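Trainee: everything below, folded, please.
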Amino acid sequence: MMIEGAGGTTDDRSVVKEGYLKYTRRKTLFILGCLVTLVLLSIYTIGLGDTGLSYGEIIHYLLFPDGTWPSTLVWQVRMKAILAAVLSGAALAVAGAVMQSILRNPLASPFTLGLSNAAAFGASFAILFMNGGYIFGSTSAVAMVSSPMAVTVMAFLFAMLATGIMLLLIKATECTPETIVLAGTALSSIFSAALAFLQYVAEDTALSAIVYWQFGSLSKVSYDELTLIFLVMLPIVAYFLYKRWDLNAMEAGEDVARGLGVNVRRTRIVSLVLCAVLTAVVVSFLGVIGFIGLVGPHMVKRIVGNDSRFVLPGSMLVGALVLLLSYIVGTFGGSAVFHTVLPVGIVTSAIGGPLFIWILVRGYRKR
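Mentor: Residues are numbered from 1 along each chain as shown. Next up, the predicted model:
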């Protein structure tokens, strides 16, 4: 029996409801699958190498740490790196996903907009000038790491400086999203040149410290710093999820978003600042980790589409998975093949570079 109504027949509404549930079910299952995979991969990562621990023992020490050597290995070595990969990968990926939505550009990410290079320059500046008064010509390796907090703070400040410059461009010129991306690329080039200058004038030990900092590494971070990253990330991600419908509207175009009542300019500026804060906190503690903000969202969008309700959490999980896999490849694969641990920044760049080229080629083929 069909009942007519203002919204159509009962059968029509049932078909629409069933179609919507099917639409969301597949995407929800993908996100749950990523979450389960991340948990299992984390446990698998703890057991890698010559630990002598079974998976049952690993789970026991995860749940009941007792201060013994196996418990210390699980929590102070493996879990610290895993949590660093999960938090930083999720933060960089969600920042990239939001940037791509508000700028409507598939190449937008914290790395391509110059924030990472700006942070690297700030850290290098601190290494040369703010470690016990040492400047050009320093030959003490200890001086290079005597003030890690100064290095972290300067990396954060210069990342925010790059963001401030972009915001000034937005306010002064009413530039388009495409222009913002180009401006970010120009800023990246400027800070890259300044960084190259610092490397050129630095002595050997200072140069090695600068280069080492640029290689994103999960071993640099402490639990206190991970807590800070989490506390910064939590409200920012909550804001992005709250604004998910606005992000969907902006993805469809500025005219559409304005027609739906979205304050496009304010949403773009606030989101860009929050993405920059999130990126700056991660990069200042872990160093430059490139392309996670580009890889994660694109992998998710290929499966769930552009709906921010699913892209945001999906990007966080995929970004965490990609960075954790990069840690596994760099740590255990690097040790097996090159007899040394490869920083995750090298591995992510090796993955992200070819993907960046593929996105460019794919974009031009669609024209």
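
Trainee: what about G216, which SS state?
Mentor: coil (DSSP: H, G, I helix; E, B strand; the rest coil).

Trainee: low-confidence ranges, the chain, go.
Mentor: 1-13, 15-17, 19-20, 130-148, 173-175, 335-336, 356, 359-360, 362-367 (pLDDT under 70).

Trainee: and the residue nearest the centre of it?
Mentor: Geometric centre of the chain, nearest residue: L92, 1.2 Å, by Cα atoms, centre = their mean.

Trainee: residues contacting that one?
Mentor: 109-110, 278-279, 282, 289, 292-293, 296, 319, 323 (Cβ atoms under 8 Å, 6 or more residues apart in numbering). Where you see a C-beta, it was placed from the backbone N, CA and C, and this is true even at glycine.

Trainee: backbone dihedrals for it, please?
Mentor: The phi and psi values for L92, taken as degrees, to the nearest 10, are phi -70, psi -40.

Trainee: not counting sequence-adjacent ones, nearest residue to it?
Mentor: I292 (4.1 Å; Cβ to Cβ, 6 or more residues apart in numbering).

Trainee: does L35 really touch M316, like I thought?
Mentor: No. Contact criterion Cβ atoms under 8 Å: L35 and M316 do not qualify, at 9.9 Å.

Trainee: higher neighbour count, those two?
Mentor: M316 (30 against 16; other Cβ atoms under 10 Å).

Trainee: so who does the more buried one touch?
Mentor: Taking Cβ under 8 Å, 6+ apart, we find M316 in contact with 89-91, 93-94, 237, 296.

Trainee: for it, helix, strand, or coil?
Mentor: helix.

Trainee: and it, how far is that from T331?
Mentor: 22 Å (Cβ to Cβ, to the nearest Å).

Trainee: again, but for F30
Mentor: 28 Å.

Trainee: so between those two, which is more surrounded?
Mentor: Neighbours per residue, other Cβ under 10 Å: of F30 and T331, the larger number sits with T331, 22 against 17.

Trainee: so the more buried one makes contact with V341?
Mentor: Yes. With contact defined as Cβ under 8 Å, T331 counts as touching V341 (5.2 Å).

Trainee: where exactly do the helices run in the stretch 101-250 of the chain?
Mentor: 115-129, 148-173, 177-201, 204-214, 223-242, 244-251 (DSSP state H, counting those that start in this stretch).

Trainee: looking at those helices, which is closest to S71?
Mentor: helix 223-242 (14.6 Å; Cβ to Cβ).

Trainee: in the strand or helix carrying S284, what counts as buried?
Mentor: Per DSSP states H and E, S284 falls inside helix 264-286. Judged by neighbour count using 16 or more other Cβ atoms under 10 Å, the buried positions of helix 264-286 are 264, 267-269, 271-286.

Trainee: re earlier: residues near the residue nearest to L92, how many?
Mentor: Around I292 there are 34 residues (other Cβ under 10 Å).

Trainee: list the contacts of it.
Mentor: Going by Cβ under 8 Å, 6+ apart, the list of residues near I292 reads 88-89, 92-93, 96, 111, 319, 322-323, 348, 352.

Trainee: narrow those to those in helices?
Mentor: 88-89, 92-93, 96, 319, 322-323, 348, 352 (DSSP state H).

Trainee: scan the residues you listed and report the most crowded one.
Mentor: That'd be L92 among these, by other Cβ under 10 Å, with 36 neighbours.

Trainee: could you check how far it is from I43?
Mentor: L92 is 23 Å from I43, by Cβ to Cβ.

Trainee: still on that earlier bit, and the contacts of L92, which is closest to A150?
Mentor: V282 (18.1 Å).

Trainee: so that closest one makes contact with V86?
Mentor: No. The criterion here is Cβ under 8 Å, and V282 misses it with V86 at 11.8 Å.
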